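In: Make a model of this:
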Amino acid sequence: MASRCFAAISVLFCFWYSSWTGEIIPSTTNATAELVATHDRELYEKLVTLECGNMLFCQRWLLLGFKRESKNFAMAVKIFTLLNTVQPSHYLTLTGAGKCDLPSLDMFLVVAVLSSYRREILSFKDQTDVYQWTRKLKLADMAAIATAKQLYCCYAKDC
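Out: Sure, this is the predicted structure:
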């Protein structure tokens, strides 16, 4: 029953996003690329060298909220809940930061995932390696989520 509800909600979000992909996808991947470049310049430059600097390889992550990358249903629900319930104002209140235009938490999750696999990514030889890695990626624990939250809070403090 829970998986049907989760699937129905996912379809609803994908339907909603599908009408906006002309604007949302390029702006989201560009903003994610800027965030990666700000956080880890060497990693970003390696992605550019591999012809992945446009971050299109993480488009599925952003559209589907890392559901396919979750090792199990419980992890998918945790990620879904986090990405769809945490409001920027909550973190801004916690950090005491002022109002600013914060990237969404899912973009910080992309940065956290890329950072946690940094050594592996830096060893890639071409674009094919990146896409094969994204197909095999499975998030097994909450480490990437914790890192994303931490990055989000640090970014909010700088606003």
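
In: Assign a three-state SS to the residue positioned nearest the centre of the chain, would you?
Out: Nearest residue to the geometric centre of the chain (C-alpha atoms, centre = their mean): V110, 3.0 Å. Using DSSP: H, G, I helix; E, B strand; the rest coil, the structure places V110 in helix.

In: quick one: contacts for it?
Out: T32, L35, V36, M55, C58, W61, L62 (C-beta atoms under 8 Å, 6 or more residues apart in numbering). Backbone N, C-alpha and C define where each C-beta goes, glycine included.

In: 10 Å instead?
Out: V110 sits next to 28-29, 32-33, 35-36, 55, 57-58, 61-62, 66, 103-104, 144, 148 when contact means C-beta atoms under 10 Å, 6 or more residues apart in numbering.

In: Please apply the same query to N72.
Out: K78, K138, L139, A140.

In: Point out where the protein drops to low pLDDT.
Out: 1-26, 85-101, 158-159 (pLDDT under 70).

In: Helices of the protein, start to end?
Out: 2-18, 21-39, 41-49, 59-64, 73-85, 88-95, 105-116, 118-122, 127-136, 143-158 (DSSP state H).

In: What angle do helix 105-116 and the third one make with each other?
Out: Just to be clear, that refers to helix 41-49. Interaxial angle, helix 41-49 versus helix 105-116 (axes from the mean of the first three to the mean of the last three C-alpha atoms, to 10 degrees): 90 degrees.

In: quick one: stretch 128-139 to chain centroid distance?
Out: 14 Å (C-alpha atoms, centre = their mean, to the nearest Å).

In: Name the surrounding residues that touch it.
Out: Here stretch 128-139 has contacts from 46-47, 50-52, 56-61, 66, 68-72, 75-76, 78-79, 109, 112-113, 116-117, 120-121, 123-124, 145, using C-beta under 10 Å, 6+ apart.

In: Now do the buried residues in that stretch.
Out: Within stretch 128-139, the residues that count as buried by 16 or more other C-beta atoms under 10 Å are V130, T134, L139.

In: Just give the number of residues close to I121.
Out: For I121, the neighbour count with other C-beta atoms under 10 Å is 20.

In: Surely it and C52 touch.
Out: Yes: between I121 and C52 a contact is recorded at 9.2 Å, counting by C-beta atoms under 10 Å.

In: which residues do those two both contact?
Out: Joint contacts of I121 and C52 (C-beta under 10 Å, 6+ apart) are K46, D129, V130.

In: ranking the helices of the chain by burial, who's on top?
Out: helix 105-116 (a mean of 22; mean count of other C-beta atoms under 10 Å).
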